[in-house]
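> model this:
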Amino acid sequence: MAGGPGSYVFGAEEKKELMDVIESGCLFRYGTPGVDGFQAKVVTFEQEMAERLGHKHVVATTSGTGSLLCCLAALGIGAGDEVIVPGYTFIATISTVILANAVPVLAEIDESLTLDPTKLEALITPRTKAIIPVHMLGNPCDMDPIMAIAKKHGLFVIEDCCQAVGASYKGRRVGTIGDMGAYSLNVFKTITTGDGGFVGTSDDELYERAFGYHDQGHKPCRMGVEVGNRSIVGMNLRMNELSGAVAVAQGRKLDGILETLRTKKALLKDQLQGLPGLGFRTINDPGECGTLLTLLFDTAERANKFCQAMGTVPIAKSGWHVYNNMEQILNKVTATKANCPYDCPRFETKVEYHKHMLPQTDDILDRAVNISVGVVDKGLGSGCGINIKSDTEEINAVAKHIREVVLSL
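Prediction:
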């Protein structure tokens, strides 16, 4: 079974919440509580998740991609604005910037597999508007230096928490440190509704704009038909009550899922310490999700030999999360100019994307291999390993096999 930990623990709780909605017959997220059986599952999820993570506001959406679009729109990012994103992230982090008519600027990662803060300032230009640190594979970015750089240069920070719902950094949940957080509830994520997502922020104005963008410009929080009073040109990225029902049940399982993953990852990782030529990616905070164990070999050759024996691939060859594999943008140019009657240099920019433009990122990903703990996904290169339901016997057997393969290299 491929998927994230939430899909492995789908059960009676989700079915109960779903049946509440099915029996009510009210599938739309809007209605009057207590009238015609309306259950208000989406609103319940938004309120509970806001409290759980430490946001003042949450807006449920149809996807993590939709959540990123809402954040960009809420912050007014558009024509000619440059947005710094890591070269190792899901394509949506980059494509949403392009869809906002802005320009993604690719940045190096470090051995945490997240943005390298030491390489950020060299990328900042007068057109830079925002940084999107991606808490990749459940590992929080090193947010203190990122936030210091953003503050110094007056930049917005959108935290891409799509792969790290519930993770924390120095006692704060990811997504609550920057201006806004974008989250995913896709089947491969920490908790899931199949597809879905949400936006988090504690800024009232940004909440109003994000809500408006996700719902045709409406202000929060209408519960029925409304005419007028719209604050922004928006889209339809609303979550329905069926997805909301599953989200409620999954959200209530989040902290238990994280505790289980961290315990099982520690058991697996402890048995792989001290092997020749093998280390691990840097974990920026013990509050990481624990969804994956990333092995970091001393050479690409050793990593490739390991993968051949395990029937997997190094992260560099794993798919659309690696900029080198994104044919949608490679050998292309992002050049943007607003419809401005004057000569507006601020709106003119040109960025080219090509393979191996990020040598530090390439070196790290060539040597890195993902072992599943809670996320089983060949697209991440984590098709082998354990899952959230693996018992101690299975974990020990997987650890023994990995040790034997590493020692045979």
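> per the record, what domains does the chain have?
5-252+326-345, 255-319+360-408 (automatic domain parsing).
> And those domains, which one averages the lowest pLDDT?
Mean pLDDT is lowest for domain 5-252+326-345 among the domains of the chain, at a mean of 92.
> those helices in the stretch 151-300 of the chain, which residues are they?
204-214, 241-270, 300-310 (DSSP state H, counting those that start in this stretch).
> on that earlier part again, closest one to His354 among the domains of the chain?
His354 lies closest, by Cβ to Cβ, to one member of those: domain 5-252+326-345, at 5.9 Å. All C-beta spots, glycine's among them, are computed from the backbone N, C-alpha and C.
> circling back: now, of the helices of the stretch 151-300 of the chain, which is deepest in the fold?
Burial of those is given as mean neighbour count (mean count of other Cβ atoms under 10 Å); helix 204-214 ranks first at a mean of 22.
> ok, and what's touching it?
Contact with helix 204-214 is made by 56-57, 59, 61, 66, 69-71, 73-75, 179-180, 199, 201, 218-221, 230-232, 234-238, as judged by Cβ atoms under 8 Å, 6 or more residues apart in numbering.
> Then stretch 243-252?
Under the criterion Cβ under 8 Å, 6+ apart, residues 6, 10, 13-14, 16-18, 20-21, 29, 39, 41-45, 48-49, 52, 60, 185, 191-196, 198, 239 lie in contact with stretch 243-252.
> Can I get that stretch as PDB, trimmed to CA atoms?
Extracted in PDB, the C-alpha atoms of stretch 243-252 (Å, rounded to 0.1, in the frame of the first residue of the first chain):
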ATOM      1  CA  SER A 243     -13.500  15.900   2.800                       C
ATOM      2  CA  GLY A 244     -14.100  18.000   5.900                       C
ATOM      3  CA  ALA A 245     -15.500  15.100   7.800                       C
ATOM      4  CA  VAL A 246     -12.400  13.000   7.100                       C
ATOM      5  CA  ALA A 247     -10.200  16.000   7.900                       C
ATOM      6  CA  VAL A 248     -11.800  16.300  11.400                       C
ATOM      7  CA  ALA A 249     -11.100  12.700  12.200                       C
ATOM      8  CA  GLN A 250      -7.600  12.700  10.800                       C
ATOM      9  CA  GLY A 251      -6.700  16.000  12.500                       C
ATOM     10  CA  ARG A 252      -7.700  14.500  15.900                       C
END
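> all strands of the stretch 1-150 of the chain, in order?
57-61, 82-86, 103-107, 128-131 (DSSP state E, counting those that start in this stretch).
> Please name every helix or strand in contact with the shortest one.
If contacts are counted by 3 or more Cβ pairs under 8 Å, 6 or more residues apart in numbering; DSSP states H and E, strand 128-131 sits against strand 82-86, helix 143-153, strand 156-160.
> repeat that for 6 Å
Applying 3 or more Cβ pairs under 6 Å, 6 or more residues apart in numbering; DSSP states H and E, one finds that strand 128-131 contacts strand 82-86, strand 156-160.
> Could you identify which of the ones you listed is most buried?
Burial of the helices and strands packed on strand 128-131 is given as mean neighbour count (mean count of other Cβ under 10 Å); strand 156-160 ranks first at a mean of 27.
> Let me know the angle separating it from helix 204-214.
60 degrees (axes from the mean of the first three to the mean of the last three Cα atoms, to 10 degrees).
> which of the contacts of helix 204-214 are buried?
Those of these that meet the buried threshold are 57, 59, 61, 66, 69-71, 73-75, 179-180, 199, 201, 218-220, 232, 234-235, 237-238, by 16 or more other Cβ atoms under 10 Å.
> who touches the spatially most central residue of the chain in this structure?
Centroid-nearest residue in the chain, with Cα atoms, centre = their mean: Cys162, separated by 1.9 Å. Counting by Cβ atoms under 6 Å, 6 or more residues apart in numbering, Cys162 touches 64, 184.
> What of Pro104?
Neighbouring residues of Pro104 by Cβ under 6 Å, 6+ apart: 83, 85, 94, 97.
> Relative to Val322, how far out is the third one?
This points to Ile94. As judged by Cβ to Cβ, to the nearest Å, Ile94 and Val322 stand 11 Å apart.
> Of the two, give the one with the bigger neighbour count.
Taking other Cβ atoms under 10 Å, Ile94 and Val322 do not tie; Ile94 has more neighbours (26 against 22).
> Name the nearest residue to that one, sequence neighbours excluded.
Distance criterion Cβ to Cβ, 6 or more residues apart in numbering; nearest residue to Ile94, sequence neighbours excluded, is Pro104 at 4.7 Å.
> again with Arg172
Leaving aside its sequence neighbours, Arg172 sits nearest to Gly54 (Cβ to Cβ, 6+ apart; 6.7 Å).
> Same question for Gln47.
Closest residue to Gln47 apart from its sequence neighbours, by Cβ to Cβ, 6+ apart: Val58 at 7.5 Å.
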